[in-house]
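1. compute the structure for the input listed below.
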Amino acid sequence: MGKFKDIIDVALGSKIATTNLAAGNTTAKKGTSYASTIAPKTISQTRQDIKNWMLAKNMFLSAENPKRYPYYNLVDNIMVDLHLQSQINNRMLKSLSKPFIMKDLKGNLDQELTDLLQNKRFVYQVNKAILQTIYYGHSLGEFDYVNGDLVFNLVPRQNVEPVNGYLIYDYLDEKKIEYRQQKEYGSWLIEFGANKDFGLLDGCIPHVLFKRFAQSCYSELCEIYGIPPRVLKTNTQDRTMVSRGERMMKDMGAAAWFIIDENESFEFAQGVSTNGDVYKGIMTFCNNEMSMGIAGTVVGQDTKNGSNSKEKTSISILQDLIDSDLSLIEQAWNSTVIPALKALGIITKDVIYTYPPAEDLDKLWKMTTEAAAFLEIDSNWVKDTFGIEVIGAKQLNPTPPAKLSLEDYERFFV
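-> From the prediction side, this is the model:
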């Protein structure tokens, strides 16, 4: 035991007798690495439309032979939208950056284990996979060691069919295994989320597609209004004149041009005169709908109709969703992750993953300042809670200077 303890001290720089993150010292040996055996595929970047979305959903929900790769390929395609990325990051990163604590079954803080896990990469990877179930519906991943460090690798969702419990090595082929029947399941291999849930991104797909269409039309409108096409009328039967006209049109600039016969005519179709408001309107609508789906509200985007009170209310709604995400992480850790780590021998005692209770610092500061007039406040608590360095109590009512008596005046003038 002494030799084993020395190894842990050297590897981790901390004397933790209850946690072992060193490679090769786990009690459960790993047989197969699943994520590394997935065959990589080139995803087509062709234009997508609503028809592709409905076909992908039908294959997703097929009762006989469900296929998920068309749907998740489409989801990966829409994730390049920067507005959608920002909304997901605004919600997800707040949860991932929240410090957690580990407690024993009696509710006492395990500071050593908390400090150790706070600095481990696999904790961030596991929490991200848990939160992604909100948007993608399901996550399957496995623990592994890379250069002696424990990591958590996500199995591509295109290769997972969780309803029947299949892992497909090549999603265009039929070769598959039942991953829930493998000996690594529940220890090295764990999963999160619902089996038939599409996730929040399903509602964002049509809005991204419509937004792309509106952007394409808007760019064409800018091209037409910015640089109108040029027309040259000439005798198209004369090749010399046509060649001279082509050189002339090319030398005049980069705008679109064409040559017609002098007996022909060309006119622009008279449509609705617009400056692009119809396209800007649909793009704004799509952005707002994606914000409502991901963040529950439109935060900081409506500069025309925004107000301070509206933004505070929107931030409060977003915070409620973040608190719900933190509860989801707690449930997944206590029901799935911690039992897996115990099966691997990484955690050797009963602990609970949780977050400190959320505090309204504005309200707490007001209560603290009001109580300070009657009670003694711990300066260390003030520093830890509000980040204010307290040196000591300030003398609010200094002693006034002593007044001169009448006798002093008499002695002064004598």
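
2. low pLDDT regions in the stretch 301-414 of the chain?
-> Along the stretch 301-414 of the chain, segments meeting pLDDT under 70 span 301-307, 358-361, 384, 386, 393-414.

3. now do the helices in it.
-> 308-332, 338-343, 361-371, 379-386, 406-413 (DSSP state H, counting those that start in this stretch).

4. list the buried residues for the third one?
-> Read it as helix 361-371. T368 (16 or more other C-beta atoms under 10 Å). C-beta coordinates here come from the backbone N, C-alpha and C atoms, glycine included.

5. export that helix as PDB, just CAs?
-> What follows is helix 361-371, C-alpha atoms only, in PDB (Å, rounded to 0.1, in the frame of the first residue of the first chain):
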ATOM      1  CA  LEU A 361     -25.600  38.200  -4.900                       C
ATOM      2  CA  ASP A 362     -27.500  41.500  -5.200                       C
ATOM      3  CA  LYS A 363     -30.100  40.500  -2.700                       C
ATOM      4  CA  LEU A 364     -27.400  38.900  -0.400                       C
ATOM      5  CA  TRP A 365     -25.300  42.100  -0.500                       C
ATOM      6  CA  LYS A 366     -28.300  44.200   0.500                       C
ATOM      7  CA  MET A 367     -29.000  41.900   3.400                       C
ATOM      8  CA  THR A 368     -25.400  41.900   4.400                       C
ATOM      9  CA  THR A 369     -25.100  45.700   4.400                       C
ATOM     10  CA  GLU A 370     -28.400  46.000   6.400                       C
ATOM     11  CA  ALA A 371     -27.200  43.400   9.000                       C
END
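
6. if we can go back for a sec, just the helices of the stretch 301-414 of the chain: most buried one?
-> helix 338-343 (a mean of 19; mean count of other C-beta atoms under 10 Å).

7. tell me which residues are up against it.
-> 27-28, 143, 186-188, 190, 347-348, 351-353 (C-beta atoms under 8 Å, 6 or more residues apart in numbering).

8. which among the residues you listed end up buried?
-> Buried subset of those (neighbour count, 16+ other C-beta under 10 Å): 28, 143, 187-188, 190, 347, 351-353.

9. flag the shaky bits of the stretch 1-150 of the chain, pLDDT-wise.
-> 1-31, 44.

10. tell me where it has helices.
-> Along the stretch 1-150 of the chain, the segments classed as helices by DSSP H, counting those that start in this stretch run 2-12, 50-60, 69-78, 82-96, 111-118, 121-136.

11. figure out which of these is closest to S327.
-> S327 lies closest, by C-beta to C-beta, to one member of these: helix 82-96, at 10.1 Å.

12. quick one: the closest one to helix 121-136, angle?
-> Using axes from the mean of the first three to the mean of the last three C-alpha atoms, to 10 degrees, the direction of helix 82-96 lies 130 degrees away from that of helix 121-136.

13. buried ones in helix 82-96, by neighbour count?
-> Residues of helix 82-96 classed as buried: 83-84, 86-88, 90-92, 95 (neighbour count, 16+ other C-beta under 10 Å).

14. got the contact list for R68?
-> By C-beta under 8 Å, 6+ apart, the residues touching R68 are 59-60, 157-158, 160-161, 171.

15. try it again at 10 Å.
-> Listed by C-beta atoms under 10 Å, 6 or more residues apart in numbering, the contact set of R68 reads 56, 59-62, 75, 137-138, 157-163, 168, 171.

16. separation between it and S62?
-> Using C-beta to C-beta, to the nearest Å, R68 is found at 10 Å from S62.

17. which residues do those two both contact?
-> Joint contacts of R68 and S62 (C-beta under 10 Å, 6+ apart) are V163.

18. for stretch 190-199, how far is the first residue from the last?
-> Stretch 190-199 has an end-to-end distance of 19 Å (C-alpha to C-alpha, to the nearest Å).

19. ok, stretch 150-169 next?
-> 24 Å.

20. tell me the buried residues in that stretch?
-> Buried, per 16+ other C-beta under 10 Å, within stretch 150-169: 150-163, 165-168.

21. same check on stretch 277-284?
-> 279, 282-284.

22. neighbours of the closest residue to S33 other than its chain neighbours, how many?
-> Of all residues not flanking S33 in the chain, D144 sits nearest, at 6.3 Å (C-beta to C-beta, 6 or more residues apart in numbering). Residue neighbour count, defined by other C-beta atoms under 10 Å, stands at 18 for D144.

23. beta partners for D144?
-> On the basis of DSSP bridges, D144 is bridged to V151.

24. surely it touches L154?
-> No: judged on C-beta atoms under 10 Å, D144 makes no contact with L154 at a distance of 11.3 Å.

25. which residues are common contacts for these two?
-> Contacts common to D144 and L154, judged by C-beta under 10 Å, 6+ apart, are A35.

26. so which residues of the stretch 201-350 of the chain form strands?
-> Counting by DSSP state E, counting those that start in this stretch, one finds strands in the stretch 201-350 of the chain at the ranges 230-234, 257-261.

27. lowest average confidence across those, which one?
-> The weakest mean pLDDT among those belongs to strand 257-261, with a mean of 70.

28. what's in contact with that strand?
-> Contacts for strand 257-261 (C-beta under 10 Å, 6+ apart): 229-237, 241-242, 245-246, 248-250, 266.

29. what pairs with that strand, parallel or antiparallel?
-> Counting by DSSP bridges, the strands paired with strand 257-261 are strand 230-234 (parallel).

30. with that, I have no additional questions.
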